[in-house]
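Engineer: Let's see this in three dimensions:
(4 chains)
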There are 2 protein chains.
Amino acid sequence: MSGEERPPRERMVYSAAQLVRSRGVSATGVRDVVAHANAPRGSFQHYFPGGKDQLVGEALAWSADYAARWVTSYGRHAESPSPSGLFAHMARQWREELTARRYERGCPMMATAAELAGGDSPVNEPLRAAAGRWEQAVVDELVRMGVPAERARGLATLMISALEGAIMLARVCRDVGRLDTVVSELAPVLDSYAG
Amino acid sequence: MSGEERPPRERMVYSAAQLVRSRGVSATGVRDVVAHANAPRGSFQHYFPGGKDQLVGEALAWSADYAARWVTSYGRHAESPSPSGLFAHMARQWREELTARRYERGCPMMATAAELAGGDSPVNEPLRAAAGRWEQAVVDELVRMGVPAERARGLATLMISALEGAIMLARVCRDVGRLDTVVSELAPVLDSYAG
DNA sequence: TACTCTCTATGACATACGTCATGGAAGGTG
DNA sequence: CACCTTCCATGACGTATGTCATAGAGAGTA
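Structural biologist: Alright, predicted model coming up:
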C-alpha cells in the first residue's frame, strides 16, 4: 500500500491494460491512462514515442504474459494434473475476478480484438502475438501432462474459445454461473484424449 | 442493387450493427452511421430521440433476431438434426462471413459487451436481452431434437461461448480454421446427451 | 387558404481526443 | 565548471465527438 511503487512506465502499461479491459480501446484515453497510473503526463510521450498504439500493444503483451504465467502455475501446484483441471484452474481465476470486481473488467484481448482486429491497425501484431503466447502456454501444459501434441493444439483452441465466450456471457448476464457451466460441460472432452 | 431500398430508419439500424461489428461502439460515430446508411442526418435525431444508446440498442436487437432466425432455420433444413449439426450450422455461417469479408466484421454482441458490459450503460439491457434471445433460440432448437431441457441450457451456453471465442481467435489469427477446430472438438460432447 | 404532422436540413455548442512543441528539472560524466 | 541524457511539465493545435436548436420542406386535412 505504501512504499515505492513500480516505475511510471510500468504503471502506465498496467493501467492501460486495466482500462482497456473494462472500457475498450477507443474509450480509453491516453490522459485516462496517465491519470490512472498517477504518472506524469509528459512521461507518456517520452516512454511511448509510438503513441497510443505502442501503449496498447505493450499492455497486450503484459496481459499475455500474465495469462501464460497463470496457466503454467497449474502444473506446479496440482497433485494429479488433468486437462479439465487446467481449464477449471483458468476459469476459477476469472470467476473470482468477475465477482470481486462486479464484472467490471473483461479480457483485454477480446476488447482489443473486437475493435481493432477487423482493420489493419499496428496493434494487430501484438494482438496476434498475445493470442499465440497464451495458446502456446496451454499447449505446453497439456503436452506436459501427456496429451499428444496434435490433439493439444485443438484442445487449447477449444479451451480458450470457450473461456473467452463464457467470460463475455458472464459479464453480459452478470452471472458467473456461465463459467461453471462451461467448465463442467467441457470436462468430459478435455479428459478423453485417447484418440 | 437498384430499386427502392428500405426506409432510412431501418437502414440506420442495420448500418449501426455492421459498423459496430467491425470497429466497436466508441469508434462508431453517429455521423458514420448516417453516412453509411445514406440517410439524412436530421433523421437520426428524429427517429432516435434516445441518441446513440438507442441506436446501438436497436442494432443489438436486430442482430439477435437475425442470429435467432439462423438458429431456427437449421431445424427446417436438416434431414437428421443433431446438436453437433446445429453447432456446425452456426459456425458455417461465420466461416463464410469471415472469409468473404476478410475478417472485417465480428460479433456485435461481443463488441458491445467488451466496451459497455463493465459499466452501467443503458445499452446493457438490450445487450442482455440479445444474449438471452440467442441463447433461448439454441435451447429451443436443442429441446426440439430431444435434448432434455436442463441439459439444453448448459449445452447452449457452451455452444455460444465456444463459438464467440472461436470467432475472436479467428479474427485475431486471421484463420478460420479455429472455427473448424472448435466444431470438430465439440461434436462428441454435444451429441452425448444421454445423462 | 390555413393548419398540422412527419420528416429533413443545417449550423452551432461544449467537450474530448491524440499528438506535438517547447522548456525546465535532475543527475551523472567530461 | 560545462555538457548531455533522461525524465517531467505545460500549453496548444486540429479534429472529431454526441447532442441540441432552429428552421424548412412536403403531404395530408379542414
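
Engineer: and the helix-or-strand element of chain A with minimal mean pLDDT, what other elements does it pack with?
Structural biologist: Between all helices and strands in chain A, the lowest mean by mean pLDDT, DSSP states H and E belongs to helix A:41-47, at a mean of 94. Counting contacts by 3 or more Cβ pairs under 8 Å, 6 or more residues apart in numbering or on different chains; DSSP states H and E, helix A:41-47 packs against helix A:8-23, helix A:30-36. To be clear about C-beta, it is placed using only N, CA and C from the backbone, and glycine gets the same treatment.

Engineer: State the mean pLDDT of the longest helix anywhere in chain A.
Structural biologist: In chain A, assigned by DSSP state H, the helix with the most residues is helix A:51-77. For helix A:51-77, mean pLDDT is 97.

Engineer: Up against DNA strand D, what does chain A have?
Structural biologist: Proximity of chain A to DNA strand D (Cβ under 7 Å from any atom of the strand) is limited to residues A:8, A:39-43, A:45-47.

Engineer: Of the helices and strands packed on helix A:41-47, which stretch is the most buried?
Structural biologist: Across the helices and strands packed on helix A:41-47, averaging neighbours per residue (mean count of other Cβ atoms under 10 Å in any protein chain shown) puts helix A:8-23 on top, at a mean of 22.

Engineer: residues in contact with that one?
Structural biologist: Contacting residues not belonging to helix A:8-23 are listed as A:5-6, A:28, A:32-34, A:36-40, A:43-44, A:47-48, A:55-56, A:58-60, A:62-63, A:104-108, A:111-112, B:115, B:118-119 [Cβ atoms under 8 Å, 6 or more residues apart in numbering or on different chains].

Engineer: Could I have the buried ones of those as PyMOL selection syntax?
Structural biologist: Those of the contacts of helix A:8-23 that count as buried under 16 or more other Cβ atoms under 10 Å in any protein chain shown are selected in PyMOL with:
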select buried, (chain A and resi 28+33+34+36+37+39+43+44+47+48+55+56+58+59+60+62+63+104+105+106+107+108+111+112) or (chain B and resi 115+118)
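
Engineer: check the contacts of helix A:8-23 against DNA strand C, which are close?
Structural biologist: Near DNA strand C, judged by Cβ under 7 Å from any atom of the strand, the entries from the contacts of helix A:8-23 are A:28, A:32, A:44.

Engineer: of those, closest to A:E97?
Structural biologist: Distance ranking of those against A:E97, using Cβ to Cβ, places A:T28 first at 18.6 Å.

Engineer: confidence score at the closest one?
Structural biologist: Value for A:T28, per-residue pLDDT: 98.

Engineer: what does A:V183 give?
Structural biologist: On the pLDDT scale, A:V183 gets 98.

Engineer: Report the inter-axis angle for whichever strand or helix holds it versus helix B:177-191.
Structural biologist: Element membership for A:V183 (DSSP states H and E) is helix A:177-191. Helix A:177-191 runs at 90 degrees relative to helix B:177-191, counting by axes from the mean of the first three to the mean of the last three Cα atoms, to 10 degrees.

Engineer: just how off-centre is helix A:177-191 within its chain?
Structural biologist: Remark: helix A:177-191 is offset 19 Å from the chain centroid, using Cα atoms, centre = their mean, to the nearest Å.

Engineer: list the helices and strands that helix packs on?
Structural biologist: helix A:83-100, helix A:149-173, helix B:149-173, helix B:177-191.
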